[in-house]
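In: Sharing a sequence plus its predicted fold:
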Amino acid sequence: MDSNNIINIYTDGACSGNPGPGGWGAYIDNAGLVTELSGREEDTTNNRMELKAVIEALNSFTSKTNLNLYTDSKYVMDGSSKWIENWKKNGWKTAQKKAVKNQDLWIELDKLVHFHQIHWVWVKGHDGNLGNERADYLATSAI
């Protein structure tokens, strides 16, 4: 892993209705080489699409990678960096003893987060951040 080459990933999810048809987008900037990814699901939620955007972006790297991951989803960022260890210890139950929603995607994301070196960065959505705006465009266009 080349620590001098930090890749910037911007992700976003969108849903038309919640639940409803949804889309996800990822804008990846690797030292000026840009890759755009997107996809859709027919019946989903916004949170699932936020998770899917991060998962698909991380899955696009086959070797350990040093990443800045920009998201406007506190759900994804906090879930991955703060809550998930307790969920696993508690048998995938929340502090309120309820089943963790989207467990399948959290398990997939957890494996990827432990494989890569990720620095999470929260950005305010729809606030002029070019990478976030592009990821939003990709997600909403995919719907």
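Out: Ah, there it is.
In: Could you use CA atoms for every contact and neighbour count after this?
Out: Will do.
In: Tally up the residues packed near the closest residue to residue 110 other than its chain neighbours, please.
Out: Counting by Cα to Cα, 6 or more residues apart in numbering, the nearest residue to residue 110 once its immediate chain neighbours are dropped is residue 80, at 6.9 Å. By other Cα atoms under 10 Å, the residues close to residue 80 number 18.
In: And the one 10 residues further on, by the same measure?
Out: Residue crowding around residue 90 was assessed by other Cα under 10 Å; the count is 13.
In: Next: the one 4 residues further on.
Out: Other residues near residue 94 come to 16 when the count uses other Cα under 10 Å.
In: And the pLDDT for it?
Out: You'll see residue 94 listed with a pLDDT of 93.
In: can you check residue 112 too?
Out: At residue 112, pLDDT is 96.
In: mind listing what it touches?
Out: 55, 58, 59 (Cα atoms under 8 Å, 6 or more residues apart in numbering).
In: just residue 6 next, same as before
Out: Counting by Cα under 8 Å, 6+ apart, residue 6 has contacts 30, 31, 65, 66, 67, 68.
In: The fourth one: what's its closest spatial neighbour, skipping adjacent residues?
Out: If the residues on either side of it in the chain are set aside, residue 66 comes closest to residue 117, at 4.8 Å by Cα to Cα, 6+ apart.
In: What segments of this structure are helices?
Out: 46-59, 74-78, 84-89, 103-115, 130-142 (DSSP state H).
In: okay, those helices in TSV with distance to residue 24 next?
Out: Output for these, formatted as TSV (distance: least, Cα to Cα, whole Å):
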stretch	distance to residue 24
helix 46-59	5
helix 74-78	13
helix 84-89	22
helix 103-115	14
helix 130-142	4
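In: Centroid-nearest residue for the chain?
Out: The residue lying closest to the centre of the chain (Cα atoms, centre = their mean) is residue 54, at 2.5 Å.
In: There's contact between that residue and residue 27 in this structure, I believe.
Out: No. At 10.3 Å, residue 54 does not count as touching residue 27 under the criterion of Cα atoms under 8 Å.
In: which of the contacts of residue 6 are buried?
Out: By neighbour count, with 16 or more other Cα atoms under 10 Å, the contacts of residue 6 hold 65, 66, 67, 68 as buried.
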